[in-house]
Each structure stands twice: as C-alpha cells, then as structure tokens.
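quick one: sequence plus predicted model below, questions after.
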Amino acid sequence: MNSDETYHLDVWKGDWGLPSIDIHSLQILAYAKFSGVALAVNTTCNPFTTPNGQLPVLRNDINKLDSIQDMVKFLKTKNFTPDSSLSPKQCAEIVSYDYMLKEKFYPALQFVWWLDHRNFTELIRPWYSKAIPFPLNFYYPSQYEKRARTMVELLFPNEDAMTVIESKLYSDAQKCMTLLSTRLGELDYFFGSKPTSMDALIYSYLAPLLKAPLPNPALQNHLKACTNLVKFVSRVSQRYFEYDYQEYEKIKAKENEEKHSRTDSDNEFPHKRRDQVFAGIFVTIAMVTYAIFTGIVEVTPKNDNELMDDTEDYLSESYVED
C-alpha cells in the first residue's frame, strides 16, 4: 500500500474482549493484522451509511468494498497477505475449510444469535438495541432475525419443528468443531507457527461463540470442551488484539472483586448483627450501673412489712373483683 494511500476499515464494535462481535469484521481485522497492513479502523454500529447496509467496509476516497472476498483480493494486489509461504495444496485446503464453515457452521451460529429465544431476548437484541443508534435500533435486529429465519427455512423446507432444526444445525456445527480441533492438534496455528488467512477465518467463527455470555450455551459448551480451540482463540486475542483482551480482563477482575466483596459482606451480616445486639446490651447495663452508683438514679428497697401490705392489698382487690 502506497504511503500516500489511507484506507479506513469500518467494523462492528467489539465486546467481551474481542475487537468486534461480528464474524466478517473479525475476519478482515485478523487478516489485516496477520498481513502487517496498517488500517485506520473505525468501530461503529450504524450500517445505514454503508453501500449495502452492512459491515465491514474497506474504503478510501475512491473505493468502498463491503465483501470479504473483495477486501482480501484488494489487499493481495497491494502485496499484503499472510499466505505467501503456503503451497497451492495448502491454499486449496483453506478454500475447502471456508466452504465447510459457511455450509455447516455459519447457519448454527445464526441460529444461536438470532433464533434461539433466550439468547435473542436476553442478550442479542438488547446488545444491538443499545449499540445501534435510534431509531435504527428498532429496525436492524428484526431484519437480522428475519434474515436468519429465512436461511433456516431454505435449509429445512420440509421441517417445521424448531427443536429438530436446532438439533440438526448443532450436530453439524459440533462435527465441524471436532474436525477443527483434530486438525489443529498441538500447533499454535493451523499451518504451524505463523497465522494465515485460515487462522483469520476460523478465529472469526469461533471467537464470538466462545466469548459471548450466552444465556443458552449449548453449542458454546461443545467449543469449550475443545480445549485446543479455546487456547487458539485466546492466543490470537492476546497476541494480535491485546488492548481489547486486557481491557476486558480488567473489567472481569473488577466485577469478580466486587462480587466477592458482596459475598463476604453477606456472610459477615449475621455475626455483625449479633455483635451489635450484644454491644447494645452491654452499653445499656453499663449506663444503668453508672447512673445508680453516681446517684443519678435512686433505688429504695422495701422492707418486709411494706411487702406484706402490698400483698394483702393485691389479694383484697382480687377478692372484690371476683
């Protein structure tokens, strides 16, 4: 890229320790990092101003590219690619994994994000409604949900039961994750010690699923069981998106500290109440004793005759009442 050229990359903003919560935004961000290209990244949640109402967008004063394929192709023409050392066979493998993820994994992620009732109502819709500016925050979440539902209906035209569809989608996605886990093995990255476009692709699919605090984590739990994939996501985040990763870790640490503080306070509450009661009794006794000994309060004991008279009076009054 020429020194006089400035390219801006508009992406969905990040959360949960990720530079973006969007698959396609994550893919091009990781690709650019792995390629060593410096882009002016603009995090946004307003796709309305983009050419086709979607993010990410790579732009300069002349061009606006809004598909991953076009962005990657453009960066390659500027000699920015992490795949320069790969063989034709390895490049063909990337194409095959790309196809597999789009066909077998992406639909399941769309279901998790937009069609699972708990995830959508408790996390996804509130997140987008808060992030997207008014009044577009009423429009886009519903559109994305509608788009995901259309995709599922096209994939399963003869199936009406969402539980059956969910089971089939999750089964395919779990098989993909198991295959990826086997393929990665003990390697840092899928082709060895350096990341390539295949790592950018797979990271973009796995990271949002792993990091989102999903109320229904059924598919997420399978990913967490693939420990080498979990380490892979953390490795990429720590090495290439260090700021986002560390800031989120600080937030989590602070939340955990506050949680433990509240728990300790709750555990101490019964003992604190008991100590307060005993302290109050002790202070009261001390004050009364002090008052008696200093003459502030006088206590005159009655003699035996006075006590007998009081008893007779009480008995006579009781007899009259009966």
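Nice, thanks for sending it over. Numbers count the residues shown, from 1 in each chain.

what's the domain layout of this protein?
For the chain, the structural domains run 8-240, 255-321, going by automatic domain parsing.

would TSV of those with distance to residue 247 be doable?
Any C-beta I mention is one placed from the backbone N, CA and C, and that applies to glycine too. Output for those, formatted as TSV (distance: least, Cβ to Cβ, whole Å):
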stretch	distance to residue 247
domain 8-240	8
domain 255-321	13
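
give me the number of residues near residue 173?
Residues near residue 173, counting by other Cβ atoms under 10 Å, number 24.

before we move on, what about residue 108?
Count around residue 108 with other Cβ under 10 Å applied: 23.

just the strands in the protein please.
Taking DSSP state E as the criterion, the chain carries its strands at 8-12, 40-44, 57-59, 64-65.

partner strands of the first one and their direction?
It refers to strand 8-12. strand 40-44 (parallel), strand 57-59 (antiparallel) (DSSP bridges).

check the last one too.
Each strand pairing with strand 64-65, determined using DSSP bridges, is listed with its direction: strand 57-59 (antiparallel).

chain center to the partner strand: distance?
27 Å (Cα atoms, centre = their mean, to the nearest Å).

same thing with stretch 20-35?
Here the centre of stretch 20-35 is set off from its chain's centre by 18 Å, with Cα atoms, centre = their mean.

next one: stretch 44-57
Offset of stretch 44-57 from its chain centre (Cα atoms, centre = their mean): 23 Å.

again with stretch 126-140
On the basis of Cα atoms, centre = their mean, stretch 126-140 sits 18 Å off its chain's mean C-alpha point.

and the end-to-end length of that stretch?
In terms of Cα to Cα, to the nearest Å, the two terminal residues of stretch 126-140 are separated by 12 Å.

do the same with stretch 34-44
Distance across stretch 34-44, first residue to last, is 22 Å (Cα to Cα).

and it, what's its mean pLDDT?
The average pLDDT within stretch 34-44 is 93.

residues making contact with it?
1, 6-14, 19-20, 29, 32, 55, 58, 75, 78, 80-82, 195-197, 199-200, 240 (Cβ atoms under 8 Å, 6 or more residues apart in numbering).

now do 7 Å
When contacts are defined by Cβ atoms under 7 Å, 6 or more residues apart in numbering, stretch 34-44 is touched by residues 1, 6-11, 13-14, 32, 75, 80-82, 195-196, 199-200.

mark which of those residues are buried, thanks.
Burial by neighbour count, judged by 16 or more other Cβ atoms under 10 Å, picks out 1, 7, 9-11, 13-14, 32, 75, 80-82, 195-196, 199-200 from those.
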